[in-house]
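Novice: Sequence first, predicted coordinates after that:
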Amino acid sequence: MSGNILKSLLQKCVQYCKGGNVKSKRNMAQHKDDVFLQIGDFKVFAWSISGIETSVVVRKPSDGFDCCFDMGYSSRENVKCQSVMISHGHMDHISAVPQHIKKRELLGGKPASYYVPEHLVEDVQELCNTYAKICENSEGLKAPNICGVKQGDRIKLHKGHFAVPFPTVHRVKSQGYIVYSAKKQLNPEFQGLSSKEIGARIRDGENVHTDPVITPEIAFTGDTTFQVFTNEVYDPPPDLFKVKLLIVEATYINDDCNIEERVQQARKWGHIHLSEIYENAELFKDVDNILLIHMSDKYSCRYIQEKVFSNIPEALKGKVHVSTIAKERYL
């Protein structure tokens, strides 16, 4: 082998070992982007398989806002989230809280805030203490901020957002969350001024802003029966039907026998059958987008896509999205 050929091969090896494979880097970056669904103004990483793992990250790039719902799986995507809202205590929705705490600690992040139903605060704290004990970590996990919240509380989030828990209907105590944006706008008489001039007016004590405009942005139901949308058990909050993004479970989607039988089976286990959403499509006329998650692991990705989109009612066409990323990664 000539010296020039050998030199060329060595250069390629060094380039590869240093990560100089530009095509591979591009593919990796593209793959990272692909895990997020673009839904309206939001980018959503929805990792969810019924009974196995659920954790949903929602970002709104235009506002720099993000949050996470449930923590049954601690991913690279959700470890960056400062605010985590937990719907209920089943393992597939809460068991990865200690992992999330530790990963943020390893990455030098500030402790996240974990908002959990009030009755779970002591148990989640004990869970974190137990993990620290198992790891023989005398210092414990980096002080987690575990906050008990109840239905109707106002949770202050970052970037001008807040969340309000609402009751859901599951086999254990559970709650969903509606996230709102609260944006102030300049009063009309100040809109032509520079930021320096506006700052001067504020220092002089002038009220340059309107009252905040409150907008329901995101709703997450967690595990629930369809009764969350009716007044059979609780009165649903009106804003549940006005959000830009509704993230709702549809654990059961099959129609291989009597649909009513399937619906009753879903309700028995505290879940929703897809047919209930489709048969009540009019309820969601003011919702911009619906993301279906939490399908049973017995369904393949292909079957899910077929069932969700083959019989979709006219009123929901263009609104419905589905995430199967968790199943795709497992395959």
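Specialist: Nice, I can see it. This one's a predicted model, so the numbers in the text were calculated from it and none came from an experiment.
Novice: mind checking pLDDT for Lys268?
Specialist: pLDDT, Lys268: 96.
Novice: Distance-wise, check it relative to Cys67.
Specialist: The gap separating Lys268 from Cys67 is 31 Å, by C-beta to C-beta, to the nearest Å. No exception for glycine: its C-beta is placed from N, CA and C like everyone else's.
Novice: Looking at the two, which is more packed in?
Specialist: Cys67 (26 against 10; other C-beta atoms under 10 Å).
Novice: could you say which helix or strand contains that one?
Specialist: For Cys67, the element it lies in under DSSP states H and E is strand 65-69.
Novice: Determine the three-state secondary structure at Ile304.
Specialist: Classification of Ile304 by DSSP: H, G, I helix; E, B strand; the rest coil places it in helix.
Novice: List the contacts of it.
Specialist: Ile253, Met295, Val322, Thr324, Lys327 (C-beta atoms under 8 Å, 6 or more residues apart in numbering).
Novice: Helices of the stretch 1-150 of the chain, residue ranges please.
Specialist: Using DSSP state H, counting those that start in this stretch, the helices of the stretch 1-150 of the chain run over residues 3-17, 22-34, 91-94, 97-106, 121-134.
Novice: likewise the stretch 201-331 of the chain?
Specialist: 259-268, 274-279, 301-310, 325-330.
Novice: closest one to Lys43 among those?
Specialist: helix 325-330 (12.7 Å; C-beta to C-beta).
Novice: outside of that closest one, which residues touch it?
Specialist: 35, 45-49, 52-53, 73, 295, 297, 300-301, 304.
Novice: so what's the residue most central in space within the chain bridging to?
Specialist: With distances taken as C-alpha atoms, centre = their mean, Val56 lies nearest the centre of the chain, 2.8 Å away. Bridge pairing for Val56 (DSSP bridges) gives the partners Ala46, Phe69.
Novice: what's near enough to touch Thr221?
Specialist: Thr221 neighbours (C-beta under 8 Å, 6+ apart): Ser87, Thr168, Gly176, Val228, Leu246, Ile247, Val248, Glu249.
Novice: a strand runs through Ala182, doesn't it?
Specialist: Yes - assigned with three-state DSSP, Ala182 falls within a strand.
Novice: show me what contacts the closest residue to it other than its chain neighbours?
Specialist: Nearest-residue entry for Ala182: Pro212, 4.1 Å, with adjacent residues in sequence omitted and distances by C-beta to C-beta, 6 or more residues apart in numbering. Taking C-beta under 8 Å, 6+ apart, we find Pro212 in contact with Gly160, Ala182, Lys183, Lys184.
Novice: Thanks again, I'm all set now.
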